[in-house]
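Student: Sequence first, predicted model second:
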Amino acid sequence: MSTIKVAFITGGTKGIGYGIAEVLIKEGIRVAFTGRSEEAVKVAEQALNTLKEGFALGFVADVRNLSSQENAVKQVVTQWERIDYVIANAGVGHFAPIQELTVEQWQETIDVNLTGVFNTTKATLASLQASKGYFISISSLAGTNFFPKGAAYNASKFGLVGFTQAIMMDLRNEGIKVTTIMPGSVATYFNGHIPNEADAWKIQPEDIGQMVADLIKMPARTLPSKIEVRPTSPK
Ligand SMILES: NC(=O)c1ccc[n+]([C@@H]2O[C@H](COP(=O)([O-])OP(=O)(O)OC[C@H]3O[C@@H](n4cnc5c(N)ncnc54)[C@H](OP(=O)(O)O)[C@@H]3O)[C@@H](O)[C@H]2O)c1
């Protein structure tokens, strides 16, 4: 079996997922990633492969669809023989007061941010059991701090923190580490934002990538299970 480690990242076409992919590839780790659009997956795959040829593999797979993730995982294992690190990152945000929040906005937020991570866990669990690997979810400070217009997003991220901490308890005795990272503001395309110079105060996607790279280097005996990370000087 190949000794080169393999990461599987959901939502790796841009933002935090892409930043994590960049850092891991520079660390010599192969990265498979997913996204919803064929074009975005192709563009990201090409850009990541300029860092290290053959180290990035993109798949069209919607986290809401378990079988599409299972299919991506199967192809990764066929090609690279293993998955060591799973980063459940894909997420969306709908922000509206409950008076205006629609059924569709609620449904999409819960389906992607919460059920999507359940699907990612189910699709990758056998691979993680084989590698005694590491599962990391990207929750949010919104998973512990509630705010107006946050009903759907808060519910999804509070739920994700609970889900991730519970599976940490289930999996650690199998030698699988589980961490949830809870970022504050990160300069990404989230909720239609376009990253720009005024975002310099925010956490940058590669900073979360560095955090993931550092986590996987922790001594095997030690598990940082829940990490809050915020901009040093919020504006
Ligand atoms: N930005 C922040 O301030 C911040 C703070 C805390 C937590 N977070 C969390 O960080 C995670 C990443 O967000 P981001 O800020 O990097 O946003 P982003 O720039 O909008 O990136 C989101 C990524 O998720 C993918 N994605 C969305 N829905 C998907 C689905 N159904 N199936 C597969 N992939 C999907 C997108 O791919 P395509 O669009 O190409 O499909 C894209 O690659 C989210 O879970 C978010 O809640 C963000």
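Tutor: Alright, I've got the coordinates. Bear in mind the structure is a predicted one, so any value in this text is a computation, not a measurement. Residues are numbered from 1 along each chain as shown.

Student: quick one: average confidence on the longest helix along the chain?
Tutor: Ranked by residue count and defined by DSSP state H, the top helix of the chain is helix 151-171. Averaged over helix 151-171, pLDDT sits at 98.

Student: just how off-centre is that helix within its chain?
Tutor: Centroid separation for helix 151-171 versus its chain: 13 Å, with Cα atoms, centre = their mean, to the nearest Å.

Student: For it, buried residues please.
Tutor: Neighbour-count burial for helix 151-171, counted by 16 or more other Cβ atoms under 10 Å, picks out 151-161, 163-165, 167-168, 171. In this view, the C-beta of every residue, glycine as well, is placed from N, C-alpha and C.

Student: Could you do stretch 178-192 as well?
Tutor: For stretch 178-192, a neighbour-count test (16+ other Cβ under 10 Å) marks 178, 179, 180, 181, 182, 183, 185, 186, 187, 188, 190 as buried.

Student: quick one: terminal-to-terminal distance for that stretch?
Tutor: For stretch 178-192, the separation between the terminal residues is 30 Å (Cα to Cα, to the nearest Å).

Student: Please state the offset of that stretch from the chain centre?
Tutor: The chain centre lies 9 Å from the centre of stretch 178-192; the measure is Cα atoms, centre = their mean.

Student: before we move on, what about stretch 167-180?
Tutor: The answer for stretch 167-180 is 16 Å, by Cα atoms, centre = their mean.

Student: one step back: mind picking the two most distant members of the buried residues of stretch 178-192?
Tutor: Maximum pairwise distance among those (Cβ to Cβ): 26.7 Å, between 178 and 187.

Student: Give me the secondary structure label for the residue lying farthest from the centre of the chain.
Tutor: Most distant residue from the mean C-alpha position of the chain: residue 99, 30.4 Å away (Cα atoms, centre = their mean). Classification of residue 99 using DSSP: H, G, I helix; E, B strand; the rest coil returns coil.
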